[in-house]
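Enquirer: Predicted model follows, preceded by the sequence.
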Amino acid sequence: MSTRSDPLTRRAALVLGGALILASSCLAAGLPASAQTAAQPVRIGVIGAGNIGSTIGGLWAKAGHEVMLSSRHPEELKSIVEGLGPKAKAGNPAEAIAFGDVVFIAVPYKAYPQLAQDYAGALKGKVVIDAGNATQARDGDVFGEVQASGIAAVSAKYLSGAKVVRGFNAANYKIFAKNAHREGGSMAIPIAGDDPKALAIAAQLVRDAGFDPVEVGPLAKADTFAMGSPGFGLDLKADELRTHLGVTR
């Protein structure tokens, strides 16, 4: 039985196909990855408009994607979205989820239980890129869950039903802002997820943001680059990151 979100997933996959064709053409022509942009825009709903949400959302907007940043008070986001250009707009979380072919989660980890309570149905079947990290000082009981079970399992619990890919969580937003589309070799971004199509879509969005994706493996492997792990906070090229994390493919 198809779900209501299936057409969005198919549309995102079609966009991915066009983007990969364009990327192949760029590589054949000898163009750098930073010159590659999606053939068609993806609609991306960003849950959270703080440092990481506005940084990565802004990179996607500048790459030609349609981006909706969200908060409970979207009227307060006017200056942020104006600074990101005409492809960016503001809404509340429900609007951003409905808007997005892909949803980017960029809120404090302590908000995940409430996020699940309020939006589990709306997120079901969606491609969700999860950038959250758990810290003891900020996230309370949820941090304890992560310490006990690992962040991959806890994200899977609270984002149950979504096609979750962990990504853009392995460094500070300032590192992303500094290194997007840099010359001399792209910064590698590790990603992990269980759905191959969702992983492929996330990988293309990593490229569009100006980085080089490294597919680490299934979602459980996200613990290898979680905050506090040896894979966190690294500024490496793709081959270097694969070696560091023991990724062989």
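Expert: In hand now; what should we look at?
Enquirer: Okay, helices next: where are they in this structure?
Expert: Listed in chain order, the helices of the chain (DSSP state H) span 6-28, 51-62, 78-84, 93-99, 112-123, 136-149, 151-158, 173-179, 196-208, 238-245.
Enquirer: how near is Val81 to Ala148?
Expert: 38 Å (Cβ to Cβ, to the nearest Å). (Each C-beta comes from the backbone N, C-alpha and C, glycine too.)
Enquirer: Over to Gly100?
Expert: 31 Å.
Enquirer: Comparing the two, which shows the higher neighbour count?
Expert: For Gly100 versus Ala148, neighbours defined as other Cβ atoms under 10 Å are more numerous around Gly100 (25 against 9).
Enquirer: Now do the same contact list for that one.
Expert: Applying Cβ atoms under 8 Å, 6 or more residues apart in numbering to Gly100 gives the contacts Leu8, Arg43, Ile44, Gly45, Val46, Met68, Lys126.
Enquirer: one more time with 7 Å, if that's ok
Expert: Arg43, Ile44, Gly45, Met68 (Cβ atoms under 7 Å, 6 or more residues apart in numbering).
Enquirer: Which pLDDT value goes with the residue lying closest to Val165 once chain neighbours are set aside?
Expert: Leaving aside its chain neighbours, Val165 sits nearest to Gly193 (3.6 Å; criterion: Cβ to Cβ, 6 or more residues apart in numbering). Listed pLDDT for Gly193 reads 98.
Enquirer: thinking again about what came up before, give me the subset of the contacts of Gly100 that lies in strands.
Expert: Among the contacts of Gly100, the residues falling in strands (DSSP state E) are Arg43, Ile44, Gly45, Met68.
Enquirer: Just send those back as CSV, with neighbour count too.
Expert: Shown next, in CSV, are the ones in strands among the contacts of Gly100 (neighbours: other Cβ atoms under 10 Å):
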residue, neighbour count
Arg43, 19
Ile44, 27
Gly45, 28
Met68, 29
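Enquirer: before we move on, back to that, turn the helices of the chain into a markdown table, columns for mean pLDDT.
Expert: Converted to a markdown table, the helices of the chain look like this (pLDDT from 0 to 100):
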| stretch | mean pLDDT |
| --- | --- |
| helix 6-28 | 47 |
| helix 51-62 | 97 |
| helix 78-84 | 95 |
| helix 93-99 | 98 |
| helix 112-123 | 97 |
| helix 136-149 | 96 |
| helix 151-158 | 98 |
| helix 173-179 | 97 |
| helix 196-208 | 97 |
| helix 238-245 | 97 |
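Enquirer: could you dump the ones you listed to JSON lines with distance to Leu219?
Expert: As requested, the helices of the chain are exported to JSON lines (distance: least, Cβ to Cβ, whole Å):
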{"stretch": "helix 6-28", "distance to Leu219": "17"}
{"stretch": "helix 51-62", "distance to Leu219": "19"}
{"stretch": "helix 78-84", "distance to Leu219": "30"}
{"stretch": "helix 93-99", "distance to Leu219": "20"}
{"stretch": "helix 112-123", "distance to Leu219": "15"}
{"stretch": "helix 136-149", "distance to Leu219": "12"}
{"stretch": "helix 151-158", "distance to Leu219": "5"}
{"stretch": "helix 173-179", "distance to Leu219": "21"}
{"stretch": "helix 196-208", "distance to Leu219": "10"}
{"stretch": "helix 238-245", "distance to Leu219": "15"}
